[in-house]
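# The following comprises the amino acid sequence and a computationally predicted model.
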Amino acid sequence: MSINAAFSTNRLLVFSDDNILTVSELSSAIKGTIEKSYSSVKLRGEVSGVKKHSSGHTYLSLKDDDSMINTICWRGTKVDFPLEDGMEIIVRGRVTVYPARSQYQFIIEEASMAGEGALLKLLNDRKKRFAELGYFDKKNPIPKFPEIIGIVTSKTGAVLQDMRNRLEDRYPFCKVIVWSVNVQGSVAAEQVANAIRGFNFMTEKRPDVLIVARGGGSIEDLWPFNEEIVVKAVYDSQIPVVSAIGHETDTTLIDYAADLRAPTPTAAIELITPVLDDLILQITESYGKIGFLMARIFRELHNRINSAAKCFRSSQFVILSIRQKFDDKDGRFLAAGNNYLQREGMRLRTMKLGNLNSYLILKEQRYEVVSGSFGKQIENFMKQSARNMEVLSNRLEQSSFKKILKKGFCFVTDKSGKTIEKKAEFDESLATGFTVHFQDGESIIRSAS
């Protein structure tokens, strides 16, 4: 047995080689003891000093009022939310020792927020910050007749099938493009954001509207839709985005950034698509209203002509001729309108679904143009009719018998008011009386008896 001596100013210390350890041996012994004793530990603390390395690992500290422990979250560890300074969390993991520095540290294997209250506080803080950044201000209009709908959701859930079934019932010829993503977990936020950006990068068959959807869940389950990467992708999207996350009572930050918020995924389909039967009925009713309005115009003109005919009895044959023309056009217009509506109804029901969408969009645009200018056309038509009636009245006035009376002529009517045109009629009226009409009045001649 060898002897080792250690000198000091006061005494000589002598140790046996059997009791001496190297630093590495001591560190290894401590490491084994600690890691064996603390192989599975639950820990609660406040996050501090978060640093994410380019390798994907995250380094941080967990602390309370009196102590702090260095902590590592390896890349791929199941954490459903980003670790941020000031956040209180509960973690499960193990204690390890880093022998090179004789330093113990905690390795995170699972993590969760320390209670729903902490999540809600973080949610409110983010909502305020996103509002200040303007993420909730931009709203794109939702198209009335989308031809292609993009859906961002999980392809394995029941949500997608429910949406397809609802679309088939309402608007069957609309095409659907599904971008499958995880809707829960640590990778969900990045996948959803990439899907929204991917749809916007498309140059061919790009969707007219996007739906981001998933079923209900806890606040932790829905947390990916509160991430800034998702909210920013919705804000930057040139394609209108409909948020359909969870149930009606669930609210996420994507709801505020989206152009439209739907209470459920199936409700999103109902909000952005019309019902085919309702479209057919609407078009039919619209043409019916136009036909009714035109018929009313013809009836009004018809009544005006009748009134003019009563005022100008002596030239009634002129008015009757015009009235007959209007009656003829009125009847032909109504018959043509009815035939047109019948043909359009049959065409809508037999048309191939692929062409029906374009047809409906064309009819919608045409109806808006007609509705916008129809009032102006009616006004111009009525003004022109009034001018025509005025011209006709002037002509009738010029040819009126009153003009002849002013030249010194007069005419005679019998007791019943009938004009006497022959001598025999005049001789007969001598017995009953007659009336002589002058330009300034009339004189009644009674019978001599």
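Looks like it arrived, so ask away.
# How is residue 224 assigned, secondary-structure-wise?
Secondary structure, DSSP: H, G, I helix; E, B strand; the rest coil: residue 224 is helix.
# where's it relative to residue 35, distance?
Separation of residue 224 from residue 35 (CB to CB, to the nearest Å): 34 Å. The C-beta positions use only the backbone N, C-alpha and C, and glycine is treated the same way.
# Equivalent analysis for residue 435, please.
Distance from residue 435 to residue 35, by CB to CB: 134 Å.
# what's the neighbour count on residue 229?
15 (other CB atoms under 10 Å).
# so who does it touch?
Residues in contact with residue 229 (CB atoms under 8 Å, 6 or more residues apart in numbering) are 189, 190, 193.
# Select from the residues you listed the one having the most neighbours.
residue 189 (25 neighbours).
# Residue 224 and residue 35: which is more packed in?
residue 224 (28 against 15).
# wait, doesn't that one sit right on residue 193?
No - Residue 224 lies out of contact with residue 193 (CB atoms under 8 Å); the separation is 9.4 Å.
# any residues in contact with both of these two?
Joint contacts of residue 224 and residue 193 (CB under 8 Å, 6+ apart) are residue 230.
# ok, now how distant is residue 147 from residue 153?
Residue 147 is 20 Å from residue 153, by CB to CB.
# Settle it for me: which of those two has more neighbours?
residue 153 (25 against 15).
# Excluding sequence neighbours, find me the nearest residue to the most centrally placed residue in the chain.
Central residue of the chain (CA atoms, centre = their mean): residue 142, 3.4 Å from the mean position. Spatially, and ignoring its direct neighbours in sequence, residue 142 is nearest to residue 240 (5.2 Å; CB to CB, 6 or more residues apart in numbering).
# possible to save the contacts of residue 229 as CSV with pLDDT and secondary structure?
Converted to CSV, those look like this (pLDDT from 0 to 100; DSSP: H, G, I helix; E, B strand; the rest coil):
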residue, pLDDT, secondary structure
189, 92, helix
190, 93, helix
193, 96, helix
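# Let me have those in a markdown table, extended by distance to residue 95.
Formatted as a markdown table, the contacts of residue 229 follow (distance: CB to CB, whole Å):
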| residue | distance to residue 95 |
| --- | --- |
| 189 | 30 |
| 190 | 31 |
| 193 | 36 |
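# Quick check: end-to-end length of stretch 140-156?
Using CA to CA, to the nearest Å, the end-to-end distance of stretch 140-156 comes out at 30 Å.
# Please identify the buried residues of it?
For stretch 140-156, the neighbour count (16 or more other CB atoms under 10 Å) marks 143, 145, 146, 148, 149, 150, 151, 152, 153, 154 as buried.
# Do I have it right that the residue nearest to the centre of the chain meets residue 273?
No - counting by CB under 8 Å, residue 273 is not a contact partner of residue 142; they are 10.2 Å apart.
# Please tell me how far the residue nearest to residue 142 sits from residue 139.
For residue 240, the distance to residue 139 - CB to CB - is 9 Å.
# likewise residue 436?
Taking CB to CB, one finds residue 436 at 83 Å from residue 139.
# Of these two, which one has the most company?
Comparing residue 436 with residue 139 by other CB under 10 Å, the one with more neighbours is residue 436, at 14 against 11.
# Residue 443 is in contact with that one, correct?
Yes - the criterion here is CB under 8 Å, and residue 436 meets it with residue 443 at 4.8 Å.
# which helices and strands sit right next to the helix or strand harbouring residue 191?
Residue 191 is part of helix 188-201, with elements assigned from DSSP states H and E. Helices and strands touching helix 188-201, as assessed by 3 or more CB pairs under 8 Å, 6 or more residues apart in numbering; DSSP states H and E, comprise strand 148-153, strand 175-180, strand 209-214, helix 228-236.
# so how far is that helix from its chain's centroid?
Put simply, helix 188-201 sits 20 Å off its chain's centre (CA atoms, centre = their mean, to the nearest Å).
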